[in-house]
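Asker: Here is a sequence with its predicted model. Questions after.
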Amino acid sequence: MKRTSIQFLLTTILLISAVLLAAGGERPGKTTTGPGSEKILAGQSKIVGFHIDMNIAQFRGEYLKERLKFLADLGYNTIVWEVENNIRWETCPECVASDAFTKEEFKDVLAYSRKLGLEPIPLLQTIGHCEYVLKNEKYKRLAELPERIDQYCPRHPEVVPFLRKWADEYLEVFGNIRYFHLGADEAYALGQCPRCRAYAEEHSLSELYVGHINAVSQSLADKGIRPIIWGDMILHHPEALDILSRKIMIFDWLYDRYYGRGEVHVWGQGNRGRDDLDAVTRERFGAYLYPLGDEPGRDADPFYTADFLEARGFDVVICPSSSCYGDSVYAPRPFFHMRNTYDSFRKGLSGTRKGAVLTSWTVHLFPWELQETSMDLPQFIVHHPDGDLAAYEKSYVREHFGVDDRRFFVAAGLLAKRGLFNYAADLGFFKDARPAPKDYVVNRLDELAKDGTLEKETKACETRLEEYRQGLAALREYSKVVKKGQKELEFWDLAARNLVNRAEAGRILLKDRMEGNHDEIRAEAGRILTRLRAIRQETEAAYLTRIKPRRTKEIMQWMYDSVETALEKVAGWTGGDAKKGKAKEKTRA
């Protein structure tokens, strides 16, 4: 449904809810998922946003326009642009990707986005996630620690002027904007360099962080632009929260948060159950963790941080994710992300929150087409404010495939669990976008052998392989009954075949380590390697229609090279044989 229709419905919900509340009554029907949660009072001023991460996925301009139209038609009104090194910046030319947009090219994309009614919010990293800058020798002096490239030193005298100059260049590209996102998350080395450590010892880590954010954001606030930061660091170090400018909006993100989980996340500690909450946490957050009391049977509110920040005078936006840590590089965990997105948008679109933004982190490599199960949810919530996820699944398959058959979600769920060598950290690549070592998988196998976990990993591989094969078969059966949506199913089919091949590769590589190399293993490794190369070509062709050529080649390197190298070694394919796909004859040792 078009965005204008959704805005009309948002306003209607607001007016009807206001009348009911004034009359002392409630809307008929089910309440929201969370205990004690408010009815959705979403008005046109709420942010309904999507986050475009170009740190890894360097999208083609035409593909961006296609997906922007898709998002606008779903009722989104805001795009957070994490462009990183994908514009030809003059402030930091050394960091610019070789196939980055010119400023004029990207302005054309922004102009199209604005015509669709999508408000742009630029995002510039201002403390953490600075790999794309600090990996360049010229800027290493700005790092918190010489051996790390992920964080600026907030006390280095050149950092704030450098960031302010860059922010001004962003404004040149983005034009007239209301908001500017300063990143500011996951600064894990905070306070570790000598100058920062000395400052933190005299004041606190919280004051170190807040002082830096206030300094970077002030020039934007002076221009009438509202700065935004991610919420994790100030929630981890909240001691100086009172001196953080209230002009700053906080994007409260968490991707494994939903009602009914039985535990909550405490920043700096991890997930905690009722009995694991320490005295400091209970004292600081207790009124928001248990707004109706902590009697047995009442779970802590997983969105307590949003209520805490609002009570301290901040405007808050809730941020779930359709692609995040825990996913494989080929497919997401649909229901996991749906639960997170459903509860997050209901929270963000209710009460005095300022909205919600769906994040999508492209370091996990799988395409947006596999994330539509989460992308469609905000529209459903607006049209069906009392609908649950079962009703959403029915709505989704009817809209996407023209049937009332929910078996699509069963098939996609069978592809949801990641396995050996099919996720970013297990393939040796990270947000720094450097090439993954070709011997990474071989070295990981050495580690598994040393740890004595080869048999355990083999059983896990066999379990995943069976699930992935079942998922692939289920998708193929489902494609026979649908009335539309074949292209979406083709993406899922490609993901399933990649997962099957990767599980087969993992199993034979582990078997080689346990049994020793012999003819049967070499032959099977060769067959799996042949299939890997074929599916790699198919995957590359699919990505090239969406991602710029150089980055597509890098993505293929991250996804396949280290596994291919390991299989070549086991199959006995070397030199020209490896390129041609022919195995050398070997006698049994």
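Answerer: Cool, got the structure.
Asker: In contact with the spatially most central residue of the chain, which residues?
Answerer: Geometric centre of the chain, nearest residue: Trp361, 3.0 Å, by Cα atoms, centre = their mean. Residues counted as contacts of Trp361 (Cβ atoms under 8 Å, 6 or more residues apart in numbering) are 53, 321, 323-325. The C-beta positions use only the backbone N, C-alpha and C, and glycine is treated the same way.
Asker: what do you get for Val210?
Answerer: Contact analysis of Val210 by Cβ under 8 Å, 6+ apart lists 234, 240-241, 243-244.
Asker: try 10 Å this time
Answerer: Shown in contact with Val210 (Cβ atoms under 10 Å, 6 or more residues apart in numbering): 154, 203-204, 233-234, 237-245, 248.
Asker: Wait, a strand at Phe180?
Answerer: Yes - counting by DSSP: H, G, I helix; E, B strand; the rest coil, Phe180 is located in a strand.
Asker: and it, what does it touch?
Answerer: Phe180 makes contact with 121-124, 167, 170-171, 174, 217, 219-221, 223, 225-228, 249, according to Cβ under 10 Å, 6+ apart.
Asker: Check the residues you listed for burial and list the buried ones.
Answerer: Buried members of those, counted by 16 or more other Cβ atoms under 10 Å: 121-124, 167, 170-171, 174, 217, 219-220, 225-228, 249.
Asker: Show me the residues you listed that map onto strands.
Answerer: Judged by DSSP state E, the buried ones among the contacts of Phe180 include 121-122, 226-228, 249 as members of strands.
Asker: returning to that earlier point: pLDDT and distance to Pro378 for the contacts of Trp361 - can I get that in TSV?
Answerer: What follows is the contacts of Trp361, written out as TSV (pLDDT from 0 to 100; distance: Cβ to Cβ, whole Å):
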residue	pLDDT	distance to Pro378
Asp53	97	18
Ser321	98	14
Ser323	98	16
Cys324	97	17
Tyr325	95	22
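Asker: all helices of the stretch 401-550 of the chain, in order?
Answerer: 407-413, 440-451, 454-479, 486-515, 519-544, 549-556 (DSSP state H, counting those that start in this stretch).
Asker: Give me whichever of these is most buried.
Answerer: For the helices of the stretch 401-550 of the chain, the largest average neighbour count (mean count of other Cβ atoms under 10 Å) is found in helix 486-515, namely a mean of 21.
Asker: packing partners for that one?
Answerer: Helix 486-515 is packed against helix 372-375, helix 389-401, helix 407-413, helix 440-451, helix 454-479, helix 519-544, helix 562-571, with contacts defined by 3 or more Cβ pairs under 10 Å, 6 or more residues apart in numbering; DSSP states H and E.
Asker: these two touch, right, Glu447 and Thr453?
Answerer: Yes - contact criterion Cβ atoms under 10 Å: Glu447 and Thr453 qualify, at 8.7 Å.
Asker: what residues go with each domain of this protein?
Answerer: With domains defined by automatic domain parsing, the chain comprises 3-261+303-387, 273-301, 412-580.
Asker: could I get those domains as TSV with distance to Lys394?
Answerer: Formatted as TSV, those follow (distance: least, Cβ to Cβ, whole Å):
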stretch	distance to Lys394
domain 3-261+303-387	9
domain 273-301	27
domain 412-580	14
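Asker: Now tell me which of those the model trusts least on average.
Answerer: When the domains of the chain are ranked by mean pLDDT, domain 3-261+303-387 comes last with a mean of 90.
Asker: Out of the ones in strands among the buried ones among the contacts of Phe180, flag the one nearest to Leu370.
Answerer: Nearest to Leu370 among those: Ile121, at 24.6 Å, using Cβ to Cβ.
Asker: Isn't that closest one up against Arg178?
Answerer: Yes - in this structure, Ile121 is within contact of Arg178 by Cβ under 10 Å, at 8.0 Å.
Asker: looking at the domains of the chain, which is closest to Arg398?
Answerer: The nearest among the domains of the chain, by Cβ to Cβ, is domain 412-580 at 9.9 Å.
Asker: chain center to the closest one: distance?
Answerer: Averaged C-alpha coordinates place domain 412-580 at 21 Å from its chain's average position (Cα atoms, centre = their mean, to the nearest Å).
Asker: what about the residue nearest to Ala100 when sequence neighbours are not counted, neighbour count?
Answerer: Nearest non-adjacent residue to Ala100, counting by Cβ to Cβ, 6 or more residues apart in numbering: Asn86, 4.8 Å away. With neighbours defined by other Cβ atoms under 10 Å, the count for Asn86 comes to 22.
Asker: Phi and psi next, for Asn86.
Answerer: Main-chain dihedrals, Asn86, degrees, to the nearest 10: phi -100, psi 20.
Asker: and it, what is it in contact with?
Answerer: Taking Cβ under 10 Å, 6+ apart, we find Asn86 in contact with 54-55, 57-59, 96-97, 99-101, 106, 132, 548, 551.
Asker: Okay, and which of those map to helices?
Answerer: The helices, defined by DSSP state H, take in 106, 132, 551 from those.
Asker: what bridges to the nearest residue to the first one once chain neighbours are set aside?
Answerer: The spatially closest residue to Phe106, leaving aside those adjacent along the chain, is Ile87, at 5.3 Å (Cβ to Cβ, 6+ apart). With DSSP bridges applied, the residues forming beta bridges to Ile87 are Phe101.
Asker: Ile87: what's it in contact with?
Answerer: Ile87 makes contact with 54, 81, 96-97, 100-103, 105-107, 122, 169-170, 173 under the criterion Cβ under 10 Å, 6+ apart.
Asker: Which of those residues sits closest to Ser113?
Answerer: Of all the contacts of Ile87, Ser113 sits closest to Trp81, with 8.8 Å by Cβ to Cβ.
Asker: If you tally nearby residues, what's the number for the closest one?
Answerer: Trp81: 25 neighbours (other Cβ under 10 Å).
Asker: Give me the secondary structure label for it.
Answerer: strand.
Asker: I figured it hits Asn55, correct?
Answerer: No - at 11.4 Å, Trp81 does not count as touching Asn55 under the criterion of Cβ under 10 Å.
Asker: So Gln371 sits against Ser323, correct?
Answerer: Yes - shown here, Gln371 and Ser323 form a contact pair, counting by Cβ under 10 Å, at 5.8 Å.
Asker: The two: who's more crowded?
Answerer: The residue with more neighbours, out of Gln371 and Ser323, is Ser323; 27 against 23, by other Cβ under 10 Å.
Asker: Now for that one: which residues touch it?
Answerer: 51, 53, 255, 331-333, 337, 358-368, 370-371, 374.
Asker: Go again with 6 Å.
Answerer: 332, 360-361, 364, 371 (Cβ atoms under 6 Å, 6 or more residues apart in numbering).
Asker: again, but for Ile127
Answerer: The neighbourhood of Ile127, defined by Cβ under 6 Å, 6+ apart, consists of 152, 184, 187.
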